[in-house]
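Participant: this one's structure only:
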């Protein structure tokens, strides 16, 4: 399964937009998602490992993919290659 890690900060003005973008992608695609504060120990380790100096930063399957809030089309293209679309609900699901 694909995984998306979003590195964020409480003081980042762009981070809420990035969170909204990736949570919206979860509606359409199956992938694991987590948010990590850059100020945490795990956040510091990720920032050091990937040489991240700004947030939001998106790591997909262990690879730094975006710095900043990516355009929706770019984010969708990146996740399409790694995650399966969720099945559409049928009449039986309602």
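Facilitator: Structure received. These numbers come from a predicted model, not from an experiment. Numbering: from 1, shown residues only.
Participant: my read is residue 79 is in a helix, agree?
Facilitator: Yes: counting by DSSP: H, G, I helix; E, B strand; the rest coil, one finds residue 79 located in a helix.
Participant: What are the neighbouring residues in contact with it?
Facilitator: Going by CB atoms under 8 Å, 6 or more residues apart in numbering, residue 79 touches 2, 4, 25, 29, 31, 60. For every residue, glycine as well, the C-beta is placed using N, CA and C.
Participant: On the pLDDT front, check the closest residue to the third one other than its chain neighbours for me.
Facilitator: Once flanking residues are discounted, residue 25 sits nearest to residue 79: 5.6 Å by CB to CB, 6 or more residues apart in numbering. The pLDDT attached to residue 79 in the predicted structure is 93.
Participant: for residue 63, same thing?
Facilitator: Residue 63 is given a pLDDT of 96.
Participant: For burial, what's the neighbour tally of it?
Facilitator: For residue 63, the neighbour count with other CB atoms under 10 Å is 10.
Participant: Name whatever forms a beta bridge with it.
Facilitator: Counting by DSSP bridges, residue 63 is bridged to residue 60.
Participant: show me where pLDDT drops low in this structure?
Facilitator: Along the chain, the model assigns pLDDT under 70 to residues 89-94.
Participant: What about the contacts of residue 79, which one has the most neighbours?
Facilitator: residue 4 leads the contacts of residue 79 on contacts (other CB under 10 Å) with 24 neighbours.
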